[in-house]
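1. Here is a sequence with its predicted model. Questions after.
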Amino acid sequence: MDDPSVSLRKVFSFTENGPKDSSPDRWTRFQARLAQEVKGIDWPAAMPDVAEKICELFDVSVPHLFMASWKKADDLKRLLAESEENPETVRYLELVEHTLRSEHHPYIEAKIRNLTVKKIEFTVTLSFSLKGFVLKIQKGEIQEIQTGRCEVEGKVDYEDLTIAEKKLAPIELPGSIYLNAD
């Protein structure tokens with residue numbers, strides 16, 4: 001399920017040198033602010049290494065985010081329970097057109113001798129508009145996501161500074177995403 005081509009890193013176009021978007025000065029301003037905040041701290045890693053680690057925070061599977069939201073739905077919970085009772089039966093759940101909104105707070109902590117000297121925390125807000133998705137359910141689990149149309153918008157903030165932004169636009173997903181395959 002963890003297909004790197006379908007990750008938040010791709011959605012926000014993060015590379016090892018930060019996000020590539022229409023406002024590249026955002027990343028430069030973020031780095032300058034961070035350098036000022038850690039001034040005087042014997043930083044355990046070089047800034048380029050920290051930038052790479054920040055980008056790795058966004059190696060989060062988009063389908064994983066969908067699953068986390070969908071598993072809260074009562075209809076899906078009921079169907080998963082029924083499927084667990086009859087594991088040989090395959091069921092399909094056609095999802096109505098819907099929007100998933102979420103907020104996440106990934107962070108990196110710099111520690112020296114097990115003491116946190118700096119916590120770099122981001123706020124990631126996302127909105128996915130989904131249409132034409134179908135879930136294949138068997139053995140009490142979602143086995144496959146048959147995808148349809150997906151549009152996403154969102155932003156990544158560090159305190160009051162937006163460092164990456166995605167305007168509402170379609171993202172490409174594979175036609176089927178296989179999960180928990182035997």
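-> Received, thanks.
2. pLDDT weak spots in this structure?
-> Applying pLDDT under 70 to the chain picks out residues 1-5, 16-24, 42-48, 180-182.
3. Tell me where it has strands.
-> Listed in chain order, the strands of the chain (DSSP state E) span 14-15, 18-19, 91-94, 98-104, 107-112, 115-121, 123-131, 134-138, 141-146, 149-158, 161-170, 176-178.
4. Strand partners (parallel or antiparallel) of the fourth one?
-> The partner list of strand 98-104 in its sheet, established with DSSP bridges, is strand 123-131 (antiparallel).
5. The strand it pairs with to strand 161-170, inter-axis angle?
-> 0 degrees (axes from the mean of the first three to the mean of the last three CA atoms, to 10 degrees).
6. So which bits of strand 123-131 are buried?
-> Burial within strand 123-131, assessed by neighbour count using 16 or more other CB atoms under 10 Å, is assigned to 124, 126, 128-130. C-betas here are computed from N, CA, C, even on glycine.
7. same deal with stretch 109-127?
-> 110, 118, 120, 122, 124, 126.
8. can those residues go into a markdown table with extra columns for distance to residue 167?
-> Conversion of the buried residues of stretch 109-127 to a markdown table gives the following (distance: CB to CB, whole Å):
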| residue | distance to residue 167 |
| --- | --- |
| 110 | 32 |
| 118 | 31 |
| 120 | 25 |
| 122 | 19 |
| 124 | 15 |
| 126 | 13 |
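9. ok, residue 99 - contacts?
-> 127-130 (CB atoms under 8 Å, 6 or more residues apart in numbering).
10. Sorry, slip of the keys, the one I care about is residue 41.
-> So residue 41 contacts 110, 117-118 (CB under 8 Å, 6+ apart).
11. any chance of those residues in JSON lines, with distance to residue 78 too?
-> Formatted as JSON lines, the contacts of residue 41 follow (distance: CB to CB, whole Å):
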{"residue": "110", "distance to residue 78": "45"}
{"residue": "117", "distance to residue 78": "48"}
{"residue": "118", "distance to residue 78": "46"}
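12. just curious, which of these is nearest to residue 155?
-> Nearest to residue 155, judged by CB to CB, of these is residue 118 at 22.5 Å.
13. What is the neighbour count of residue 70?
-> Using other CB atoms under 10 Å, residue 70 has 21 other residues around it.
14. That one touches residue 135, doesn't it?
-> Yes - shown here, residue 70 and residue 135 form a contact pair, counting by CB atoms under 8 Å, at 7.3 Å.
15. so what sits against both of those two?
-> Joint contacts of residue 70 and residue 135 (CB under 8 Å, 6+ apart) are 76, 95, 142.
16. For those residues, pick the one with the most neighbours.
-> residue 142 (23 neighbours).
17. quick one: contacts for it?
-> By CB under 8 Å, 6+ apart, residue 142 lies in contact with 67, 70, 80, 135-136, 179-180.
18. Flag every buried residue along stretch 173-182.
-> 173, 177, 179.
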